[in-house]
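A.B. asks: Pasting the sequence and the predicted model now:
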Amino acid sequence: MHPERLQAFVLGTRDYGDTDRIVSLFTLEHGRIRSFARGARKSRKRFGAALEAFARIEVQVRLKEGLCGLTQAEIHSIYPRIRGDLNGIAHALYACELVEAISPEGHPLPRLYRLLSAYLDRLEATAADTAERRFFEINLLNILGYRPSLETCSRCDTPFGGTGALLSEGGELNCRFCAGSGRPVSAATLSLLLSCLATGTFGSIPFSAETTAQAGALLDQAIAAQVGRRLKSVDFLQQVS
Ligand SMILES: [Zn+2]
């Protein structure tokens, strides 16, 4: 099979044997793929610094089920400003680990590719903050079809209107009649999250401290319900921020 040129972000890498490396990529053309970079540990000549986490690269791969063969990689951007700031690194690693954990393998998701690209560009341009991480997460869940219902009760379909909702353990939002208890999520927070979906521009939606906290509790549970395990980068994120 002829090798194919792909646009990609490096989601993560792990060493294989003494000389090789397995590289997880999120590509524009085929979504998430796993690739085998022969000799990547032994000689940096072939791949250079291209195989670092959250680097944006152009790769040449031989596509196949399971592990693809990575034959060439050129750097588009390594995001040097993110790499100069621990908080920025923590947010970028988190974004990549989340995409790796939650996206299906071999399924093109160009909207998610553009979202990740926009988020890394934003982290490169300005200091990382929690509100923008939440903006990234709600858009990611929406693209994948995993976002909680923000408009109506997930059990009885009654619109939340001005009264807000209650958050259940599994990350669902319910009305006060269906859920006896749960963490309150205000109408303002629900409406703010819906506005995040209406624009693709980071930094355009103002989060208050209260909406950041409520949206955070909701998104953490909705993501945990999909991923089913704690992401390693969450601990790093908490240490540095
Ligand atoms: Zn209900």
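C.D. replies: Now that the structure is in, tell me what you want to look at.
A.B. asks: So which elements touch the top helix by length along the chain?
C.D. replies: As assigned by DSSP state H, the longest helix anywhere in the chain is helix 209-227. Packing partners of helix 209-227 (3 or more C-beta pairs under 8 Å, 6 or more residues apart in numbering; DSSP states H and E): helix 86-102, helix 130-144, strand 165-167, strand 183-185, helix 187-198. In short, each C-beta sits where N, CA and C put it, glycine included.
A.B. asks: which strands and helices sit next to the last one?
C.D. replies: Think helix 187-198. Using 3+ C-beta pairs under 8 Å, 6+ apart: helix 187-198 touches helix 130-144, helix 209-227.
A.B. asks: Please identify which of the ones you listed is closest to C175.
C.D. replies: Set against C175 and scored by C-beta to C-beta, the helices and strands packed on helix 187-198 come closest in helix 209-227, at 15.0 Å.
A.B. asks: What are the contacting residues of the closest one?
C.D. replies: 98, 101-102, 130-131, 134, 137-138, 141, 144, 146-148, 167, 169-171, 173, 183-186, 188-189, 192-193, 207, 230 (C-beta atoms under 8 Å, 6 or more residues apart in numbering).
A.B. asks: Just the residues contacting the strand ranked longest in the chain, thanks.
C.D. replies: Ordering each strand of the chain by length in residues (DSSP state E) puts strand 4-16 first. Residues outside strand 4-16 that contact it (C-beta under 8 Å, 6+ apart) are 21-30, 32, 36-37, 41, 50-63, 76, 96-97, 99-100, 113, 116-117, 120.
A.B. asks: and what of stretch 163-172?
C.D. replies: 148-149, 153-155, 173-176, 179, 181-187, 189-190, 217-218, 221-225.
A.B. asks: can you list the residues of this protein near the ion?
C.D. replies: Residues of the chain found near the ion, taking C-beta under 5 Å from the ion as the criterion, are 153, 155-156, 175, 178.
A.B. asks: Excluding chain neighbours, give the residue nearest to the residue of the chain positioned farthest from its centre in space.
C.D. replies: In the chain, the residue that sits farthest from the middle, by C-alpha atoms, centre = their mean, is F177; the gap is 33.6 Å. Excluding the flanking residues, the one nearest F177 by C-beta to C-beta, 6 or more residues apart in numbering is C156, at 7.1 Å.
A.B. asks: If I look at that neighbour, what pLDDT would I see?
C.D. replies: On the pLDDT scale, C156 is placed at 97.
A.B. asks: Pull the number of nearby residues for it.
C.D. replies: Look at C156: counted by other C-beta atoms under 10 Å, it has 10 neighbours.
A.B. asks: Same check on P104?
C.D. replies: 9.
A.B. asks: residues contacting it?
C.D. replies: By C-beta under 8 Å, 6+ apart, the neighbours of P104 are 31-32.
A.B. asks: What of C196?
C.D. replies: 134-135, 138-139, 205.
A.B. asks: swap in R62?
C.D. replies: Contacts of R62 (C-beta under 8 Å, 6+ apart): 1-4, 68-69, 71.
A.B. asks: In space, what's closest to it - neighbours in sequence excluded?
C.D. replies: G69 (4.0 Å).
A.B. asks: for A92, same thing?
C.D. replies: Nearest to A92 is F54, by C-beta to C-beta, 6+ apart, at 4.3 Å.
A.B. asks: what does V61 give?
C.D. replies: Counting by C-beta to C-beta, 6+ apart, the residue nearest V61 is C68, at 4.5 Å.
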